[in-house]
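Q: Give me a model of this one.
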Amino acid sequence: MSSSTSPTSGMTGRANQKLRTRRAIVQAAAELSRTGREVTMADIAAAALVSEATAYRYFPDLVSLLQEAIAGQLPEPGEALAGVEHSTDPVARVAAATEFLLRHVLARQGVVRAMIAGTIARPDRSARPGLRFGLIDHALAPAAAGMDPAALEQLKRGLAVVVSAEALFNLTDLYGLDPQDAIAGVVATATSLTRAALQPDPKP
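A: Below is the predicted model:
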């Protein structure tokens with residue numbers, strides 16, 4: 001009986017090898033994303049023990065790879081805000097949501113910066129994780145029923161601008177603040193915005 005590999009088993013072996021290579025690339029990207037340092041396709045390829053050209057054969061760009069790599073790392077809003085889950089104070093909840101997001105960004109700023117850059121360069125192909133939107137919705141949930149829908153939507157839009165990696169990097173990179181002071185500043189702005197939106201309009 002011949003001991004040579006059949007065409008079918010050869011194809012299966014190549015498919016399995018491709019799957020292992022893809023998994024190694026994604027795992028390397030996931031591990032590097034947790035370091036907080038700059039993340040490049042070359043770095044990921046080196047960590048996965050493949051060439052950069054090989055990494056690009058599996059993923060067309062860095063953003064698409066990072067999206068897959070960090071998909072399981074993002075917490076659910078309820079988990080992220082467990083410390084204020086029983087609070088009905090939207091201001092306190094927004095403060096907690098803002099601080100959680102910005103500390104998450106700070107700890108993983110290398111991958112976050114890469115995602116921002118990719119979104120700016122190719123907005124038609126890039127889709128960043130929407131962690132902040134889920135956090136904002138969850139933080140405002142206790143107040144949502146008692147607010148005018150238009151006012152609630154306006155508040156959410158305002159918070160989407162403030163509660164963001166871009167706001168943090170603006171204060172650290174351009175304004176020169178220490179990261180902890182920058183986080184405190186964004187939290188103060190987010191809570192002020194929320195408090196103002198919840199105040200009743202003054203009677204004429």
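Q: Nearest residue to His138 in space, please, no chain neighbours.
A: Nearest residue to His138, sequence neighbours excluded (C-beta to C-beta, 6 or more residues apart in numbering): Pro77, at 3.6 Å. C-betas here are computed from N, CA, C, even on glycine.
Q: Quick check: the one you found touching Phe133?
A: No: with contact defined as C-beta atoms under 8 Å, Pro77 does not reach Phe133; the gap is 9.3 Å.
Q: Now do the helices in the chain.
A: 7-33, 41-48, 52-58, 62-70, 77-80, 90-107, 109-121, 131-144, 149-162, 165-169, 179-198 (DSSP state H).
Q: Save those helices as CSV, and put in mean neighbour count and mean pLDDT too.
A: CSV is the format used below for the helices of the chain (neighbours: other C-beta atoms under 10 Å; pLDDT from 0 to 100):
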stretch, mean neighbour count, mean pLDDT
helix 7-33, 15, 86
helix 41-48, 19, 96
helix 52-58, 15, 96
helix 62-70, 21, 90
helix 77-80, 16, 92
helix 90-107, 21, 96
helix 109-121, 18, 87
helix 131-144, 20, 93
helix 149-162, 15, 95
helix 165-169, 19, 96
helix 179-198, 18, 97
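Q: What are the phi and psi values at Pro75?
A: phi -80, psi 160 (degrees, to the nearest 10).
Q: does Glu166 really touch Met115, like I thought?
A: No: contact criterion C-beta under 8 Å: Glu166 and Met115 do not qualify, at 11.3 Å.
Q: domains of the protein?
A: 7-70, 77-198 (automatic domain parsing).
Q: what's stretch 133-148 in contact with?
A: 76-78, 80-81, 87-90, 93-94, 96-97, 100-101, 152, 155-156, 159-160, 163, 194, 197-198 (C-beta atoms under 8 Å, 6 or more residues apart in numbering).
Q: Stretch 91-102 too?
A: Residues beyond stretch 91-102 that count as contacts (C-beta under 8 Å, 6+ apart) turn out to be 77, 80-81, 83-84, 87, 131-132, 135-136, 138-140, 142, 159, 162-165, 168, 182-183, 186-187, 190-191, 194-195, 198.
Q: so what pLDDT did Pro129 get?
A: pLDDT, Pro129: 62.
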